[in-house]
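# this one's sequence-less:
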C-alpha cells in the first residue's frame, strides 16, 4: 500500500503505517467496526484457549498482589477480547484490563481502560511495566519480521519474571495462502509457521513456552523471558 502511495507521488503516506493513513483519512471508525464484527465469526477466546488445552485460570490465580495490571491488550480495538475474559473471570476489574491502541480516540468503553501506545514507534517503550499478560491478537501478522521482533523486544523490556506475552495468530498453511498474500500486499507482513515463531522468540530474547493451533481458528503462542 505504501509503495502505491509512493508511485502516486504521496511521499507522506508512503512513509506512514497503514493505521496512521486510516487515521489521517478518518477511516479508523469503520475499521474498528469491522474488527468488532470479526469476533462474531469465531468462538469466544475462552473456548478457543480450552480447545488447545491452554488454561488461563491458574495464570490469573497466580498473579501477585503487587501486579496492578493483569492483562494489556495491544491493538485491542474496543476491548472485545478483554470483555470476553471479564465475563468469564468476573474477578477482573476495570483497572486490571488495559487496551493499548495506536489511536486512543475510541470513546469510553465500559469495563476496560484505553490508553495510547504506538507500537510501531521504535523509540516508544511499552508504557505498562510488569503486567501479568501482554496480549497481541492478529497484530504481528501486519508487520515484517524485523518490525514484529522489535515489538516483542519492547514488550520484553517491560516484562517482569512472572509476565508472559500471548499472541493469537493463524499458522501459515496452504488453506491460509490468501490471508498470507493479503498481509504481504497490504502491510508487508505475513502469516508464520511454528518454527518461524520460535526463531522470532529467540531473536527477541524470549522463549516459546506454549504453542497450539486448533484447526482453522486462531492459535496461541506464549512467550516468556528465559
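In hand now; what should we look at? All values reported here derive from a predicted model rather than from experimental measurement.

# okay, CA-based contacts and neighbour counts for the rest of this
Will do.

# What number of residues are in the vicinity of residue 110?
As a burial measure, residue 110 scores 10 neighbours (other CA atoms under 10 Å).

# Could you check how far it is from residue 87?
Separation of residue 110 from residue 87 (CA to CA, to the nearest Å) stands at 13 Å.

# how many neighbours does the closest residue to residue 109 other than its chain neighbours have?
Using CA to CA, 6 or more residues apart in numbering and skipping the chain neighbours, the partner closest in space to residue 109 is residue 78 (6.6 Å). A count of nearby residues for residue 78, using other CA under 10 Å, gives 24.

# confidence score at residue 78?
Listed pLDDT for residue 78 reads 83.

# Just the buried residues of the helix or strand harbouring residue 59, please?
Per DSSP states H and E, residue 59 falls inside helix 56-61. For helix 56-61, burial by neighbour count (16 or more other CA atoms under 10 Å) applies to residue 60.

# Next secondary structure after that helix?
Following helix 56-61 in sequence, per DSSP H and E, is strand 71-74.

# Can you list the strands that that next one pairs with?
Using DSSP bridges, strand 71-74 pairs in its sheet with strand 97-101 (parallel), strand 133-137 (parallel).

# Now do the strands in this structure.
Along the chain, the stretches classed as strands by DSSP state E are 71-74, 97-101, 113-116, 133-137, 164-169, 207-212, 219-224.

# Great, nothing more from me.
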